[in-house]
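# Sequence isn't available, so here's the structure alone:
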């Protein structure tokens, strides 16, 4: 068979800008034509230059600007790899592979009240998602809630442009005190469909809430990855249905996900 | 026992300048107070930042400026480590340990005609050696010969300041055609004592010449090193006398050397 | 310039292969790599029935490499024959199917099913450290290895490669057992068993506690074992273990490997295999090597 | 905060030691490190007579580590007793003497000579991969290990640590043999045998062809083996293998080591041991650990 033109590629890109937007949280724009194919909920793999850490770090796409051929990632420094990335400055090179995974199923929001829920470093992908929903989606109403540690409400301005924005903070310093579920309760939000990304306890709570309320929920999962393209079977999650690869109810988060319908995954 | 003040230390220093002075040959000045204790023939260990290559690279001291607290190294790019060093620019950090090894026995040149012989990347240490001999030594005459590949006579200007300088080039494009022994023959040099540094074939030739001519010769040896301080016993050479550490006629190049009397080593 | 190598009568256009478990059945990497240019695709291990594999986390990063404890998740031989073989047959490359099992019967069932298919060779995984049911014993005891090799050879229609575990005292003993039982070739090394602990959480990073270590960190051990085996047996060797570039591939070949496989480095750079094919050709040109076979085992 | 650990009745002020062969007898590193602050200095191996060691090159760099084939060059027990022990006795640290030999008699001679000296423990190197004369067999066969341990215990006045080779199929079998023969502790892992080839010169980088691999690259294998042994024997374990910082030290202790040794990393950063002593104290403070002994083997 002849070689097809690839959608995924690995390349050395340039850093356009980097800023620290909250303690330990960095905001980087990268020049890459991958921006043209990026979908909300997809991620890229970023490779450290430090040769002791060989595997790529999966980082969700926060925003894509196809016109400027630029991708934005917002990430937390959690180890040696992200520590290295946080030191990159304008003009530095950055090794990336993308775009990876499937995005959120935008069409599920058509004619519906959609609630985007993000927690911590799960907030960034909501930006592109909210923007796309607002600009090209057919949702009736866009609600957004995001859970923070404190009143460092990173990306709040971005998110507020695209929908009604309700923050929650663990210390109660802004918005609802508690987590995103507390914000939902406090505001009496009544979504028809939920798109969520965040830590596992939050996703479990959302799965439970969606089940009890009979709401469709799509959640974005995370797991330690190696290849990022579905070959190594490192990043699986248990599913209620047979997975596409092995038919053993173990779907690959990197390629079958990272977004799954909540009721189809065991988390 | 109480801890003594150390002469040797490892530190993160700053690059003052770096220039390429011949194809693959780099000249770097480093800001460090180790300059005050540096002796001609000593070396420093330079550590790559690349975490796949952990061991330091032993690099001879080309010049020391105690007043400016600066050391000069001139080295050839021979692998990943030196490749990395060659990319350092003014202001970059450089991890070094020093000063290591014993220098040339300057006193052996007192009242004598001393010939400094260098080949390839063995030429750089002759600079500090010639300078010291001229400024503080008691040699009657300082002759210098250096063997190059071609007429890229790096460090020739430095060396010419301190003694009569006779280059040799493999391609005959400058000075005597051939190696340093050819330069000695061509110029009819008649030294009383030789200080030499260079590749093993050159050192073997000098050892033979010194033996036949009844001349004292001191040669600086190289070997793959790990610790650089005499602990690992990695970099030994066979000696005619018992070595100081193991008494098995295997001296440590890094600490018993790198300079040995030619007749005392089997090379 | 001749880059083709031959193992047990099968000729590969070049010595660059993929290591089992790191390249799926080629599908995922076909977006990055032109499979037509590889010596062979060695598939992810396939068993007689689907295997769900281990709980997560299944992978962990370590200095210069990684640990994995996938546990051989695979769809079983039915799906494999129906889906993966036809996919690979579209390409002009050789197909080596990695076979795994928990009992001798498991292995034989897969080997027999594959006998009717158009694949080129079988690689027998008797050395996966992440499957508890006993398969590892086949790879760590010479007499067990002899027996299973002997059984498989009696049932296999394609040439057989026994894949050896490095987690043994004497790798040559294992190589000799495989050869004596009729194996057509051996491949080594499989991963070295390792462990990583999260000191803040006070728990193992892998759900399986231990995992198989791969990546550049293990290369010196692999080169040593390939060299030892090359000097102990006459059957060809497929070398692997931390191979990252053409220089590494050539190092393994000079140590005695007839072909090489790229494993963990596919994850670090998906173009590794193709760059290696090109790098080997460049090295041959620079060094005036007419036939790649001339360097096999040239360092003694 | 208690950082002291006790092995076979010998109390070390902290669990940080030096790995044999990487620290001489402390003299060379005393310019960098205050030996008074170390748990123990474990000396370079000493034999009954001087050993010249192997030809050069003796060391090679590999990804994340190094290979060495020093061949146990040492001045013999006479010089050692006269020079090295008095040097170390000046410091407020414990002295563990590493003992090497080619025959059982060699070992016993050294052990007996040390019986009259004021050193704290003996570590028996039965696992050096770079000495051809047979010593390695003591470390790779459980019955041989049992016998030599038994002999040494009959002659030793100080507590004995058997140092285990990782180049075995089952490290726990070796640990159990050492324990059964009366060893007071075990230390592991010694280096893993590796090889490096210079593809341009077409020759081995080491004159000895193979060498022992050390450095961060081997850490996951070492952690795994320490964990396995800690769950197989009751005697204390001194863990080593690529330990670079306090986090690594704690990882080994959580896997079951009572103390740890710094080896190749001394070459990368001569201050590694002292920084580790400080880092462990910092970790204990941050994690509210009163007694370092509380974390030994805490991950199960």
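Alright, I've got the coordinates. Treat the numbers as computed from the prediction; the structure is a model and nothing was measured.

# what's downstream of the helix or strand of chain C with the lowest mean pLDDT, the next helix or strand?
Lowest on mean pLDDT, DSSP states H and E among the helices and strands of chain C sits helix C:137-140, with a mean of 78. Going down the chain from helix C:137-140, the next helix or strand is helix C:142-155, by DSSP states H and E.

# Give me the contact list for the helix or strand containing residue C:175.
Take DSSP H and E as the rule and residue C:175 turns out to sit in helix C:171-180. Contacts to helix C:171-180, defined as C-beta atoms under 8 Å, 6 or more residues apart in numbering or on different chains, come from residues C:139-140, C:142-143, C:145-146, C:149, C:162, C:164-165, C:168, C:186, C:188-189, C:225, C:228-229, C:231-235. For every residue, glycine as well, the C-beta is placed using N, CA and C.

# so residue C:110 makes contact with residue C:49?
No - under the criterion of C-beta atoms under 8 Å, residue C:110 is not in contact with residue C:49, lying 9.6 Å apart.

# and residue 23, how many neighbours?
No chain specified, so I'll use chain A. A count of nearby residues for residue A:23, using other C-beta atoms under 10 Å in any protein chain shown, gives 11.

# Let me rephrase: I mean chain C.
Residues lying near residue C:23 (other C-beta under 10 Å) number 30.

# Contact partners for it?
By C-beta under 8 Å, 6+ apart, the residues touching residue C:23 are A:231, C:29, C:41, C:42, C:43, C:44, C:262, C:266.

# In terms of helices and strands, where is the last one?
Put plainly, it is residue C:266. With DSSP H and E as the criterion, residue C:266 is inside helix C:265-268.

# That helix - contacts with which helices or strands?
helix C:272-286 (3 or more C-beta pairs under 8 Å, 6 or more residues apart in numbering or on different chains; DSSP states H and E).

# Could you pull up the residues touching the nearest residue to residue C:53 once chain neighbours are set aside?
Spatial nearest neighbour of residue C:53, excluding adjacent residues (C-beta to C-beta, 6 or more residues apart in numbering or on different chains): residue C:73 at 3.0 Å. Neighbouring residues of residue C:73 by C-beta under 8 Å, 6+ apart: A:233, A:236, A:246, A:248, A:250, C:51, C:52, C:53, C:54.

# Keep only those of the residues you listed that are in helices.
Among those, no member falls in helices (DSSP state H).

# What about those, which one has the most neighbours?
Busiest of those [other C-beta under 10 Å] is residue A:236, holding 29 neighbours.

# where along the stretch 151-267 of chain A do the helices fall?
For the stretch 151-267 of chain A, the helices defined by DSSP state H, counting those that start in this stretch occupy A:156-160, A:180-187, A:200-213.

# list the buried ones in the helix holding residue C:175?
Within helix C:171-180, the residues that count as buried by 16 or more other C-beta atoms under 10 Å in any protein chain shown are C:171, C:172, C:174, C:175, C:176, C:177, C:178, C:179.

# same check, this time on stretch C:271-290
Residues of stretch C:271-290 classed as buried: C:272, C:273, C:274, C:275, C:276, C:277, C:279, C:280, C:281, C:283, C:284, C:289 (neighbour count, 16+ other C-beta under 10 Å).

# is that stretch anywhere near chain A?
Yes - Stretch C:271-290 reaches chain A (C-beta under 8 Å from any C-beta of the partner chain) through residue C:271.

# Touching that stretch from outside, list them.
Contacts of stretch C:271-290 (C-beta under 8 Å, 6+ apart): A:10, C:1-3, C:14-16, C:18, C:32-34, C:37-39, C:243-247, C:249-250, C:260, C:262, C:265-266, C:269, C:292, C:295, D:199-200.

# From the residues you listed, list just the buried residues.
A:10, C:3, C:14-16, C:18, C:32-34, C:37-39, C:243-246, C:249-250, C:260, C:262, C:265-266, C:269, C:292, C:295, D:199.

# how about low-confidence regions in the chain?
Picking chain A for this. Applying pLDDT under 70 to chain A picks out residues A:1-6.

# not what I meant, chain C
C:127-137.

# Distance check, whatever residue of it ends up closest to chain B against residue D:187.
Per C-beta to the nearest C-beta, residue C:64 is where chain C lies closest to chain B, at 6.4 Å. According to C-beta to C-beta, to the nearest Å, residue C:64 and residue D:187 sit 24 Å apart.

# Quick check on the residue of chain A found nearest chain D: phi, psi?
Nearest residue of chain A to chain D (C-beta to the nearest C-beta) works out as residue A:52 at 6.4 Å. With angles defined as degrees, to the nearest 10, residue A:52 sits at phi -80, psi -20.

# what residues are up against it?
Counted by C-beta under 8 Å, 6+ apart, residue A:52 has contacts A:80, B:51, B:52, C:63, C:64, D:64, D:216.

# Would you mind checking those for buried ones?
Buried among these (16+ other C-beta under 10 Å): B:51, B:52, C:63, C:64, D:64, D:216.

# wait, isn't the fourth one in contact with residue D:64?
To tie it back to what came earlier, the one meant is residue C:64. Yes - counting by C-beta under 8 Å, residue C:64 does reach residue D:64; the two are 3.7 Å apart.

# Quickly list what's touching both of these two.
Listed as contacting both residue C:64 and residue D:64 by C-beta under 8 Å, 6+ apart are A:52, B:52, C:216, C:217, D:216, D:217.

# Could you dump these into a markdown table with distance to residue A:27 added?
Shown next, in a markdown table, are those (distance: C-beta to C-beta, whole Å):
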| residue | distance to residue A:27 |
| --- | --- |
| A:52 | 26 |
| B:52 | 30 |
| C:216 | 33 |
| C:217 | 34 |
| D:216 | 32 |
| D:217 | 35 |
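
# farthest-separated two in these?
Maximum pairwise distance in those, criterion C-beta to C-beta, is 11.7 Å, between C:216 and D:216.

# overlap in contacts of these two?
Applying C-beta under 8 Å, 6+ apart, one finds that residue C:216 and residue D:216 are jointly contacted by C:64, D:64.

# residues from chain A in reach of chain C?
So chain A meets chain C at A:1-4, A:6-10, A:47, A:51-56, A:97, A:223-237, A:245-250, A:255 (C-beta under 8 Å from any C-beta).

# Distance to residue B:39 and secondary structure for the contacts of residue A:52 - can I get that in TSV?
Shown next, in TSV, are the contacts of residue A:52 (distance: C-beta to C-beta, whole Å; DSSP: H, G, I helix; E, B strand; the rest coil):
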residue	distance to residue B:39	secondary structure
A:80	39	helix
B:51	32	coil
B:52	33	coil
C:63	37	coil
C:64	38	coil
D:64	34	coil
D:216	34	helix
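
# Return the subset of the buried ones among the contacts of stretch C:271-290 lying in strands.
A:10, C:16, C:18, C:260, C:262 (DSSP state E).

# quick one: the fourth one from chain A, how far?
Read that as residue C:260. Using C-beta to the nearest C-beta, to the nearest Å, residue C:260 is found at 19 Å from chain A.

# shouldn't that residue be in contact with residue C:242?
No - using C-beta under 8 Å, residue C:260 is not in contact with residue C:242, being 10.8 Å away.

# what do those two both touch?
The contact sets of residue C:260 and residue C:242 overlap at residue C:248 (C-beta under 8 Å, 6+ apart).

# Please name the bridge partners of residue 238.
In the absence of a named chain, chain A is used. Assessed by DSSP bridges, residue A:238 has beta-bridge partners residue A:250, residue A:266.

# if you could check chain C rather than the one you did, that'd help
Under the criterion used (DSSP bridges), residue C:238 bridges to residue C:187, residue C:259.

# Check the stretch 151-267 of chain A for the residue nearest chain B and tell me.
Closest approach between the stretch 151-267 of chain A and chain B, counting by C-beta to the nearest C-beta: residue A:226, at 18.8 Å.

# I'd like to know which of the ones in strands among the buried ones among the contacts of stretch C:271-290 is nearest to chain D.
Using C-beta to the nearest C-beta, these come closest to chain D at residue C:260, 12.8 Å.
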